[in-house]
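[1] Just to be clear, the model below is a prediction. Sequence and coordinates:
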Amino acid sequence: MSSSASSSTWKMEKVTGSHLLKIADYSLAKGMMGVGKPIRSATFNVAGFNWTLACFLDGQEEHCAGWISLVLRLETDAVAVRALLKLSLLDPQRSCPFTRTIIDVFAKQHSGRGIGKFIRRADFETSQFLRDDCFAVHCAVTVVKSPLLEVPATDPVAPPPPSDLHQHLANLLASGEGPM
């Protein structure tokens, strides 16, 4: 009688990368930019796609006025990219971030995806995140690729040798040896 066992794991293939956007001179920039006018990060690459992060100090749209909006934009021509977006305001010691996470589908023809009401500007201005008129936004992007089925490599198991038990018993009986 023989038995065998195997296993496999289904998971989503994903690639994660991040970008840190530091904004200095906050007091000069707020109110001056205006609703819908962002501060943009440099372009960064995650999983072969180019991205930019936009920070709207006066809100992305009129209904977001009084809020800081954070929006990730796909800059690479692609049909659609599914991604997990984790946006964090960092305190100077980077020990207690204020974080919001979304998962969405990004495409270049869209203006981007993000959080229009990330943090109330009045709350932000009295928080530990704004120090010496500067703050930092950490943007982590996890691009979800295709599903992946992992099948671990197995060591081939050699079959047991053929049994000669019947031959051994016949020899034992023919010899007359053994217990009686």
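    That came in fine, so what should we check first? This structure is a prediction, so every number in the text was calculated from the model and none was measured.

[2] Scan this structure for its longest helix.
    Secondary structure of the chain per DSSP state H: the longest helix is helix 165-175.

[3] Using CSV, list the CA coordinates for it.
    Presented in CSV, the C-alpha positions along helix 165-175 are these (Å, rounded to 0.1, in the frame of the first residue of the first chain):
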residue,chain,number,x,y,z
LEU,A,165,8.9,-12.5,1.2
HIS,A,166,7.2,-15.5,-0.5
GLN,A,167,10.5,-16.7,-1.8
HIS,A,168,12.1,-16.5,1.7
LEU,A,169,9.2,-18.4,3.3
ALA,A,170,9.4,-21.1,0.6
ASN,A,171,13.2,-21.5,1.3
LEU,A,172,12.6,-21.6,5.0
LEU,A,173,10.0,-24.4,4.7
ALA,A,174,12.2,-26.4,2.3
SER,A,175,15.2,-26.2,4.6
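
[4] Now do it: distance to the chain's middle.
    In this view, helix 165-175 has its centroid 67 Å away from the chain centroid, taken as CA atoms, centre = their mean, to the nearest Å.

[5] just stretch 124-133 next, same as before
    28 Å.

[6] got it, and stretch 23-42?
    Worked out by CA atoms, centre = their mean, stretch 23-42 lies 27 Å from the chain centre.

[7] Can you pull out the residues in contact with stretch 9-16?
    46-47, 84, 140-150 (CB atoms under 8 Å, 6 or more residues apart in numbering). Using the backbone N, CA and C atoms, a C-beta is placed for each residue, glycine as well.

[8] Pull out the buried members of the residues you listed.
    46-47, 140-144 (16 or more other CB atoms under 10 Å).

[9] Now the two most distant members of these.
    140 and 144 (13.3 Å; CB to CB).

[10] Who's the closest spatial neighbour of residue 27, skipping the chain neighbours?
    residue 133 (5.4 Å; CB to CB, 6 or more residues apart in numbering).

[11] Now do the contacts for that neighbour.
    Listed by CB under 8 Å, 6+ apart, the contact set of residue 133 reads 24-27.

[12] Just put the residues you listed in CSV and tack on distance to residue 73.
    Compiled in CSV, the contacts of residue 133 are given as follows (distance: CB to CB, whole Å):
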residue, distance to residue 73
24, 22
25, 23
26, 22
27, 26
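
[13] returning to that earlier point: and the longest helix of the chain, what's buried?
    Quick answer for helix 165-175: no buried residues (16+ other CB under 10 Å).

[14] What pLDDT is listed against the residue nearest the centre of the chain?
    Centroid-nearest residue in the chain: residue 142, 2.8 Å away (criterion: CA atoms, centre = their mean). pLDDT recorded at residue 142 is 97.
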